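Student: Sequence first, predicted coordinates after that:
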Amino acid sequence: MKMLLSGIAVLALGATVQNADAMVVGSLGGGTGPFLTLSSSGLNGGTVATLQGGTIYTSDQPFADIPSGGVAGGTFLAAGPTSGEPAVLTFHTPINYLSFLWGSPDTYNRLEVTSTTGTYQFDVTSLGFAVTNGNQSFSQYVQFQTAPGETILSARFANSPAQDAFETANFSVAAVPEASTWAMMIFGFMGIGALAYRRSPRSALRWI
């Protein structure tokens, strides 16, 4: 029993420390899917995230090009002066991971990721893109991960200065386990630990 209580205390302490350093970290990478459907309603018909602003296109436009490398479902989101700016995805399902394809990256593209602890700003320079001049033949997957106990609430796509478009596609997310799932996992790990303790030689001597 003491071991079980100690395990709970350690888990609680760890959660407190991790939450104190909560933040959203952005980096190059991701794009492994499965990709969510993208429409004027948002992601997966608005069930994962609703969309406000921006425009969904299925082909190149004079001011917005479909991201290179192929887009899931043949659709992409453009945020710009002509297509509507900014474009905001508001997540209804708590997530701790977001990835998408960033098309023809340019230095005026601005991304804001808002979480339960604050708003974090990213651009092609801070993320370390290899190409930053709006090359339409280049696209880059990016990913954003939260600290434990933190969730992503929204993603805002805009430009500064306002020109051309910020094109994105191939969104994927990782949902945060529900409280009941976390509880089952914790008690499962503690059960395994208790079983291993009972089977250890030292424990076995107590039963002789």
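Tutor: That came through fine.

Student: Now do the same for the most centrally placed residue in the chain: its pLDDT.
Tutor: With the centre of the chain defined as its mean C-alpha position, the nearest residue by C-alpha atoms, centre = their mean is Leu98, 1.8 Å away. According to the prediction, Leu98 has pLDDT 98.

Student: cool, and Phe138?
Tutor: Predicted confidence (pLDDT) for Phe138: 97.

Student: What residues are bridge-paired with the residue nearest to the centre of the chain?
Tutor: Phe144, Val173 (DSSP bridges).

Student: how near is it to Gln143?
Tutor: From Leu98 over to Gln143 the distance is 7 Å, taken as C-beta to C-beta, to the nearest Å. C-betas here are computed from N, CA, C, even on glycine.

Student: Pull the number of nearby residues for Ala72.
Tutor: The burial metric for Ala72, expressed as a neighbour count using other C-beta atoms under 10 Å, is 17.

Student: likewise the one 3 residues further on?
Tutor: The burial metric for Thr75, expressed as a neighbour count using other C-beta under 10 Å, is 17.

Student: Would you check that it makes contact with Thr55?
Tutor: No: Thr75 is not in contact with Thr55 according to C-beta atoms under 8 Å; the separation is 10.5 Å.

Student: Go through stretch 121-137 and flag the buried ones.
Tutor: Within stretch 121-137, the residues scored as buried using 16 or more other C-beta atoms under 10 Å are 122-124, 127, 129, 132, 134.
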